[in-house]
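Undergrad: would you be able to build a 3D model of this:
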Amino acid sequence: MPLRAVLWDIDDTIFDYAGADRAGMSAHLAAEGLLGRYGSVERALRRWKELTELHWRRYEAGGGDWREQRRDRVRDFLERPGMGAGEADAWFDRYAAHYEAAWRLFPDALPVLDLLARSHRHAVLSNSSVHAQEPKLRALGVRDRFEAVVCAAELGVAKPAPEAFHAACAALGLPPGEVAYVGDQPDIDARGATEAGLVGIWLDRADTGDRPGLTRITGLHQLPGVLRADTRFGAPSTFG
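TA: Residues are numbered from 1 along each chain as shown. Now for the predicted structure:
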């Protein structure tokens, strides 16, 4: 079966989430007078990431209000459990303004999207929410590149569950065997996609090394060659 479409992860795949997160948090802590409280931007960012993961997983598991999980992150980060909703929203909005000012695509994202537009259909599958990813893609100028944006919060199931990948394939009207998935997480993205019947491709930008059984690239410029080779039929599993 030929590969007819590519499903994309967003954060740290086409969008430099880690870079924007660090720049945004650094600017926000400085503006709020909180740099001294955490000792360093790295320590503050590490705590913020821990809380983001914690509250997002709770939101995924139990549903509830999307804005409330953001408020809980702020309350825990500031160690103010009684903080009101309006004050927490305002604090988060100030942080988001700094974060969004740092949004950038990776330099290799747009050229590869342009190149592959000639030969493949494209959609997004993200373990986030449409509330977060749709505005981001529009701000980055690439929303119109994707036929569909499928997100875990609305699906009620997240990668690496096969149902998440299958839902995204269904949005394209294609069987999994005709779809590749590209993401920066070796197990959640590449292995999860492969086990769901797609061609999973791990984008290892840090070049951390091979993982048995996974197709690995270190930059998106290598993706067209992988798609042409289609690793199900004996092409090399790593590109460096």
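Undergrad: and Arg47, how far from Thr194?
TA: As judged by CB to CB, to the nearest Å, Arg47 and Thr194 stand 34 Å apart. C-betas here are computed from N, CA, C, even on glycine.
Undergrad: same question for Glu42.
TA: Using CB to CB, which is the criterion applied here, Glu42 is 34 Å from Thr194.
Undergrad: Provide the contact partners of the one helix or strand Trp202 maps to at residue level.
TA: Secondary structure from DSSP states H and E places Trp202 in strand 199-203. Residues outside strand 199-203 that contact it (CB atoms under 8 Å, 6 or more residues apart in numbering): 3, 9, 13, 179-186, 189-194, 211, 214-220, 223, 226, 230-232.
Undergrad: what's the ChimeraX line that selects buried ones from the residues you listed?
TA: ChimeraX command restricting these to the buried ones, with burial defined by 16 or more other CB atoms under 10 Å:
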select :3,9,13,179,180,181,182,183,184,185,186,189,190,191,192,193,194,211,214,215,216,217,218,219,220,223,226,231
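Undergrad: burial count for Arg58?
TA: 14 (other CB atoms under 10 Å).
Undergrad: quick one: contacts for it?
TA: Gly64, Gln69.
Undergrad: ok so, going back, next secondary structure after the strand holding Trp202?
TA: Trace forward from strand 199-203 with DSSP H and E and the next one is strand 215-217.
Undergrad: among the contacts of strand 199-203, which ones are in helices?
TA: Of these, the ones assigned to helices by DSSP state H are Gly192, Ala193, Thr194, Leu223, Val226.
Undergrad: could the residues you listed go into CSV alongside pLDDT and distance to Glu53?
TA: Shown next, in CSV, are these (pLDDT from 0 to 100; distance: CB to CB, whole Å):
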residue, pLDDT, distance to Glu53
Gly192, 98, 17
Ala193, 98, 21
Thr194, 98, 24
Leu223, 98, 28
Val226, 96, 30
